[in-house]
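**Q** Okay, sequence plus prediction incoming.
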Amino acid sequence: MFRPRIKWEHRPVRLGDGRVRIGAVQGIAAAMADPDGWVWALLEILDGTRTMDRVVADLVHAFPDRSEVDVRAAINDLIREGYVEDAAERVSEGLSAAERERYGRARGLWRWMDRTPRRTSWDVQLLLRQARVVVVGIGGVGSTAAAALVASGVGHVHCVEPDVVELSNLNRQLLFVEQDVGRPKVEAAVERLRACNREVLVTGERLVVDGPTVLLGLAVRFDVLLLAADKPAGITSWANRACRETGTAWVHGGYQGPRVSIGLYRPGKGGPCRDCFYAERDVRLAALPAQTPWSPGIGIPESHAVTAVSAGMAGLMTAHAVMSLIADVPALPADREYGFNLVTLRDSRALELTAPSPLCPTCGPLPQARDNGGQDRV
Ligand SMILES: [Zn+2]
C-alpha cells in the first residue's frame, strides 16, 4: 500500500514569510506560498505513516475549507516533482544485501538529485548496474573516470588503452602505483578496478585507436562511450562520428591547463553534435582580426600542464555525465560542451547551440553530398 513520504533529502523549511521551501539545493528546490499553513501541515503528515487516503482525510479534517480534490492535487504535484517516495517500498529485488550496504550513501544522493517518480529508491542503482560503458584512454582523465564508474556500480566497465605506465604518469593517474611502471596500463587498471568492486564486470584491451573504425567497433558494443584521450589528432571527431552512426550516447573530457572541460551527447535526438560547435567556432574565429601567436622559434619546450586535480576533475565530471546519460539523474542538458576554470572556480565557456550547425561537416546539410548514399561526407 502506497504510503507517501517526503524524501528526507528534500525536507522542507518554513521560511517565516508565508512560504515553504522544499528540496534544499538550487536546481531541485522550489518555494510554495502557504499563507494559512495548510501546505506545511500537509508536508508534516507526509511522513510515511499514512496511506494516501488517510493523509487526505486528516488534512481535510484539519482544514475544512480545503477540498479533497485540492489536497490530492497538491500531493500529486509533490509526487510529480520528485519530492515524494513510497515509505512502503519493497526491498529491491536484484540487489544483494551487500550491494545495498555498499551503495547506501549513493542511494541518498541519487534520491536527492532525482526528480523522476520511481518504483523504488534503488531504481537508479539498478539502471547503473545494467549499463555497459567503455572508457577509451586510461590516463589522468580515464583512470579517475573508470574508478568512479566502478565504485558507483556501473555493471560493466571496459578499459581501452595501448600504453604502459610511466613514472611521469604517477602525479595524476591515481589508479597506478610505483610498482606498475613499465606495465601495460590496461593490465594494472583492470586489476585495481576489480579489487575495488567485485560486483562490477571489469574488462580491458590493449588497443590502439588509429581511426574511426576502431571507435565504431567499440561504440556498437556499449551503452555509453567515454572518450578520455586527445590523441591521435582527430580522435574526438572520430568518436563523434562513430557514436552518431551507432546512436551511442557519449562523453568526452579533458583539460587545457586550468580549464577543465567535458561534452555530453545523446545522438539521434536532433541536437547539435560535437563537430557543430567547432564548425561554428571556426566561423567566429575567422571573423576576428588576424591574431599572431607568440612563436620565438628558439625551441622552447612545450609543457603538458596537468595535476591530479585538473585531470581528476575532468575524470569525475565525465563519470558524472556518463551516469546522467544512463539514469537521467541529474537530468543534465545534453548535446553541449561544459567548462570549469580552476583559477576562478567558476564555469568557463559553456557552449550551446539550439540546433545542429548548417556548417557542420559531420551532420550539417551539404547539398552536393545529399545523394551520396550515406557515404563519408568529411
Ligand atoms: Zn554536427
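**A** All right, it came through fine. Residues are numbered from 1 along each chain as shown.
**Q** Look at the spatially most central residue of the chain and give its secondary structure.
**A** Nearest to the geometric centre of the chain sits residue 321, at 1.6 Å (Cα atoms, centre = their mean). Three-state call for residue 321 (DSSP: H, G, I helix; E, B strand; the rest coil): helix.
**Q** in terms of contact, does it touch residue 266 like I think?
**A** No - using Cβ atoms under 8 Å, residue 321 is not in contact with residue 266, being 10.8 Å away. Yep, even glycine has a C-beta here, placed from its N, CA and C like the rest.
**Q** By proximity to the ion, which residue of the stretch 101-250 of the chain wins?
**A** residue 240 (7.5 Å; Cβ to the ion).
**Q** Let me know whether that residue touches residue 272 as I believe.
**A** No - counting by Cβ under 8 Å, residue 240 stays clear of residue 272, with 10.5 Å between them.
**Q** For the two, work out which one has more neighbours and name it.
**A** The neighbour count for residue 240 versus residue 272, taken as other Cβ atoms under 10 Å, is higher for residue 240 (27 against 23).
**Q** Tell me the helix or strand right after the helix or strand that contains the more buried one.
**A** For residue 240, the enclosing helix or strand under DSSP states H and E is helix 235-246. Downstream of helix 235-246, the next assigned helix or strand under DSSP H and E is strand 249-256.
**Q** In that following strand, which residues are buried?
**A** Neighbour-count burial for strand 249-256 flags 249, 250, 251, 252, 253, 254, 255 (criterion: 16 or more other Cβ atoms under 10 Å).
**Q** What residues are bridge-paired with the last one?
**A** Beta-bridge partners of residue 255, counted by DSSP bridges, are residue 260.
**Q** contacting residues around it?
**A** Applying Cβ atoms under 8 Å, 6 or more residues apart in numbering to residue 255 gives the contacts 141, 261, 306, 310, 311, 313, 314.
**Q** thinking again about what came up before, relative to residue 37, how far out is the residue of the stretch 101-250 of the chain closest to the ion?
**A** Computed as Cβ to Cβ, to the nearest Å, the residue 240 to residue 37 distance reads 54 Å.
**Q** and if you look at residue 30?
**A** 18 Å.
**Q** Likewise for residue 230?
**A** 57 Å.
**Q** Between these two, which is the more surrounded one?
**A** Taking other Cβ under 10 Å, residue 230 and residue 37 do not tie; residue 230 has more neighbours (17 against 14).
**Q** confidence score at the residue nearest to that one when sequence neighbours are not counted?
**A** Once flanking residues are discounted, residue 230 sits nearest to residue 254: 5.5 Å by Cβ to Cβ, 6 or more residues apart in numbering. On pLDDT, residue 254 comes in at 97.
**Q** Tell me if I'm right that residue 254 and residue 314 touch.
**A** Yes - under the criterion of Cβ under 8 Å, residue 254 makes contact with residue 314 at 5.7 Å.
**Q** Give me the common contacts of these two.
**A** Common neighbours of residue 254 and residue 314 (Cβ under 8 Å, 6+ apart) are 141, 228, 260, 261, 262.
**Q** what residues are up against the nearest residue to the first one once chain neighbours are set aside?
**A** Once its chain neighbours are removed from consideration, residue 141 has its nearest residue in residue 228; the separation is 4.0 Å (Cβ to Cβ, 6+ apart). With Cβ under 8 Å, 6+ apart as the criterion, the residues that contact residue 228 are 135-139, 141-142, 145, 252-254, 314-315, 318.
**Q** Can you tell me which of the residues you listed end up in strands?
**A** Cross-referencing the contacts of residue 228 against strands under DSSP state E gives 135, 136, 252, 253, 254.
**Q** and which of the residues you listed is nearest to residue 21?
**A** residue 253 (33.9 Å; Cβ to Cβ).
**Q** Which residue comes closest to that closest one once chain neighbours are left out?
**A** Going by Cβ to Cβ, 6+ apart, residue 253 has residue 318 as its nearest residue, at 3.5 Å.
**Q** What pLDDT does the model give the one you found?
**A** On the pLDDT scale, residue 318 gets 98.
**Q** and the gap between it and residue 328?
**A** From residue 318 to residue 328 the distance is 17 Å (Cβ to Cβ).
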